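A.B. asks: Fold the following and give me the result.
(one chain, ligands or ions: 1)
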Amino acid sequence: MEELLQKIESFKSEIKNAIATTSEEAEAFRIKYLGTKGLVKEVMGEMKNVATDKRREFGQVLNEFKLFAEEKFETLKAGSASAQTETGDGLDLSLPGDALPLGSRHPISLVRNQIVSIFQRLGFAVAEGPEIEDDWHNFTALNLPENHPARDMQDTFYISQNPDWLLRTHTSSVQVREMEKGKLPIRIICPGRVYRNETISARAHCFFHQVEGLYIAENVSFADLKQTLYFFVQEMFGKDFKLRFRPSYFPFTEPSAEMDISCLICGGSGCNVCKHTGWVEILGCGMVHPNLLENCGIDSNKYTGFAFGMGIERITMLKYQIKDLRLFSENDVRFLKQFTAAV
Ligand code: PHE
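C.D. replies: Numbering: from 1, shown residues only. Prediction:
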């Protein structure tokens, strides 16, 4: 009996120190101690050799031994399972991961970036200004004094009156801010959002995006303006386009013109988009009015300049043949995701 008890004690200390990092090792433990031919069974088989009066006491020791081995087995099993997950065993590392949905740039951003990069290649720098403007920068400095009828050309959202604060109707206000800095020559483009109180339709919205340009130096001529815009259109739409300038009126330029390109849809033969004229208007331009230069403290006898302004929506609609302006602000992903490719 003494000998048996000692044997059990030594098994117990062996069990205590047992480790298993895989489920196979835990199973080997089970077989060694708890299997049908295991050590627990073997010690139990010794019961018949124990004196009758000691059997009760020995039975208790055996039971404890069995429970001890079973508990250890449970611990080993659980430990080896979590160790396996940690080491990646049982995981299929070749499974493809969950795809992350990729966003795409808004078509207006794509086209704005392209316009900006074309003019940057010509040496124009980007200038930006506030969307909430005062009357001076949006109108008066631009040769549009109070009560000038041309103010009606751009229906304005006023935020307050006397003093007047408004949502800028064009980014020409940024040009005024640059001219006021007095650093010449000036060669800038002004991309940005502008606001006009117009009824929303397929062709108009209460806000849209513009890129306006300004070049002021000595001896700038209308020929420079034409060549600059000609380069822009070729880079933007390709070489096969015809250009024409139509005389027009803007208070801030003199002479003023509107520039048309031959219709991208019908190639000039006439369709709905060009209203059967073969031409589509894309921007307004002209030579900076001397009054503007003087308003901003620039000597109009020494300096001349040209300016132009275009709506990014219009260019984008022509480029991608989009028929309704409202699509740009409806946030319909089915529409927006079509413009992933670089323009
Ligand atoms: N500011 C004009 C507009 O928004 C565009 C323009 C800019 C025209 C510069 C001529 C010269 O309609």
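A.B. asks: Which of the helices and strands in the protein ranks last by mean pLDDT?
C.D. replies: Least confident helix or strand of the chain, by mean pLDDT, DSSP states H and E, is helix 55-87 with a mean of 84.
A.B. asks: What parts of the stretch 1-150 of the chain come near the ligand?
C.D. replies: Proximity of the stretch 1-150 of the chain to the ligand, by C-beta under 6 Å from any ligand atom, involves no residues. Bear in mind the C-beta positions are built from the backbone N, C-alpha and C, glycine included.
A.B. asks: What are the buried residues along the helix or strand just after the least confident helix or strand of the chain?
C.D. replies: Counting by DSSP states H and E, the next helix or strand C-terminal to helix 55-87 is helix 107-121. The neighbour-count check on helix 107-121 (16 or more other C-beta atoms under 10 Å) flags 107-108, 110-112, 114-115, 118-119 as buried.
A.B. asks: again with stretch 37-49
C.D. replies: Buried, per 16+ other C-beta under 10 Å, within stretch 37-49: 38-40, 43-44.
A.B. asks: ok, whichever residue of the stretch 101-250 of the chain sits closest to the ligand - how many residues close by?
C.D. replies: Here the residue of the stretch 101-250 of the chain nearest the ligand is residue 170; by C-beta to the nearest ligand atom that distance is 3.3 Å. Residues lying near residue 170 (other C-beta atoms under 10 Å) number 24.
A.B. asks: Can you tell me the SS state at it?
C.D. replies: When classified by DSSP: H, G, I helix; E, B strand; the rest coil, residue 170 comes out as coil.
A.B. asks: List the contacts of it.
C.D. replies: Residues in contact with residue 170 (C-beta atoms under 8 Å, 6 or more residues apart in numbering) are 138, 154, 194, 210, 212, 309.
A.B. asks: Helices of the stretch 201-343 of the chain, start to end?
C.D. replies: If DSSP state H, counting those that start in this stretch is used as the criterion, the helices of the stretch 201-343 of the chain fall at 222-237, 290-295, 312-320, 333-336.
A.B. asks: ok, and what's touching the third one?
C.D. replies: Put plainly, it is helix 312-320. 107-108, 110-112, 115, 191, 205, 208-211, 236-237, 261, 264, 280, 282, 322-323, 325, 328, 339, 343.
A.B. asks: shouldn't residue 123 be in contact with residue 187?
C.D. replies: Yes. With contact taken as C-beta atoms under 8 Å, residue 123 and residue 187 are classed as touching, separated by 5.6 Å.
A.B. asks: quick one on the thing from earlier: tell me the one of the buried residues of stretch 37-49 nearest residue 81?
C.D. replies: When these are ranked by distance to residue 81 (C-beta to C-beta), residue 38 comes first, at 21.7 Å.
A.B. asks: Give the closest residue to the closest one in space, chain neighbours not counted.
C.D. replies: Of all residues not flanking residue 38 in the chain, residue 32 sits nearest, at 5.9 Å (C-beta to C-beta, 6 or more residues apart in numbering).
A.B. asks: could you measure that neighbour against residue 202, distance?
C.D. replies: 82 Å (C-beta to C-beta, to the nearest Å).
A.B. asks: which one of these two has more residues nearby?
C.D. replies: residue 32 (17 against 12).
A.B. asks: Let me know the pLDDT of the more buried one.
C.D. replies: pLDDT recorded at residue 32 is 93.
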